[in-house]
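**Student:** A structural model of the following input is requested.
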Amino acid sequence: MKKFFVSIVRPTVRQIIALTGLSLFAEVALIDTAFAQDQAQHNSPQPRGNPTREQLLFYLANEKVVVPGVGFVNARIGDPMSAILNAWGEPSDRRESRLLGKLEFLYQPDPDTSVAFHGKERLKTISIRGNSASLMRTRSGARFGFSSLNIRRMFSRQKNLVKSNRIEYPQLGISFYLSADNRVNRMVVYAPKSS
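**Tutor:** Numbering: from 1, shown residues only. Alright, predicted model coming up:
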C-alpha cells in the first residue's frame, strides 16, 4: 500500500510522459470532433487518411494558445507595450497615433495568422485574424473557421452578447468576429468586464 501511495505522490518520468500523451490525444480528439461536427453541418467532405502521431505532435507543439481576458504567455493584457517588443521582436508594421498616444504593433506569426497589439503605455487589446489553417486557438479549443453555433456550444455556460457580426463574452474578455458565411475570422482579447 505504501509503495502505491508513493508512486501517486511522486510519479515516475514514464507516468508523466504517459499522462502528457493522454492529454495531448484527448485534446486532438476534441479538436477532431469539433471539426467533424462542423463539416457535417455544412456537408463538407472529410479529409482522407488520418494524420500520423508525429504530425499531430508537431501540429500541437507549434500551436499558439490564446487565453480569453489574458492573451498569450509572452503578451498579456496590461503588460507595458515595450514588453511586447522585447518578447515578439520588431513588428512587421507599427502604427502610432500622436494625437491620442495609441500604439499598434502588427505581427504575422504564421502565414495564416496576423496579430495586432493595441494600447498606449500598456497593452489594452489583442486582435487576431486568421483562417482555418491558423495555428492559433483559444485555451478551450475555439479556432478560426468555426461556425457561430460551435462557438456558442463551446462557451454555452457563459453569458454572451450577439451583435450583427460578432459574439462577445465580456466576462471572459474575448469576442469572436464572423465572416459573411458565419465563420470565425477574428478574435479580440481584452480585460474581462465585471457584470
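**Student:** which residues touch residue 77?
**Tutor:** 69-71, 123-126, 173, 189-191 (CB atoms under 8 Å, 6 or more residues apart in numbering). Where you see a C-beta, it was placed from the backbone N, CA and C, and this is true even at glycine.
**Student:** quick one: which of these is nearest to residue 146?
**Tutor:** Closest approach between those and residue 146, by CB to CB: residue 189, at 16.2 Å.
**Student:** pLDDT below threshold where in the chain?
**Tutor:** 1-49, 51, 53, 55-62, 195 (pLDDT under 70).
**Student:** Please enumerate the strands of it.
**Tutor:** 64-66, 71-72, 75-76, 93-97, 102-110, 113-119, 123-130, 136-138, 161-163, 166-169, 174-178, 184-190 (DSSP state E).
**Student:** Quick one: residues in contact with the first one.
**Tutor:** Translated: strand 64-66. With CB under 8 Å, 6+ apart as the criterion, strand 64-66 contacts 72-73, 109, 113, 126, 128, 135-139, 174, 187, 189.
**Student:** Out of the residues you listed, which is nearest to residue 63?
**Tutor:** Nearest member of those to residue 63, counting by CB to CB, is residue 135, at 5.0 Å.
**Student:** Next, count neighbours for the closest one.
**Tutor:** Residues within reach of residue 135, counting by other CB atoms under 10 Å, total 19.
**Student:** ok, now residue 54?
**Tutor:** Using other CB under 10 Å: residue 54 sits among 8 other residues.
**Student:** measure it to residue 193 for me?
**Tutor:** Distance of residue 54 to residue 193, given as CB to CB, to the nearest Å: 42 Å.
**Student:** How about residue 177?
**Tutor:** On the measure of CB to CB, residue 177 and residue 193 end up 18 Å apart.
**Student:** and the nearest residue to residue 155 once chain neighbours are set aside, what does it touch?
**Tutor:** Nearest residue to residue 155, sequence neighbours excluded (CB to CB, 6 or more residues apart in numbering): residue 169, at 5.9 Å. Contact partners of residue 169, counting by CB under 8 Å, 6+ apart, are 68, 155, 158-160, 175.
**Student:** now the residues you listed in CSV, with distance to residue 83?
**Tutor:** Listed next are those as CSV, based on distance: CB to CB, whole Å:
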residue, distance to residue 83
68, 20
155, 29
158, 29
159, 31
160, 31
175, 23
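**Student:** Quick one, which of the residues you listed are buried?
**Tutor:** Listed as buried from those are 68, 155, 160, 175; burial here means 16 or more other CB atoms under 10 Å.
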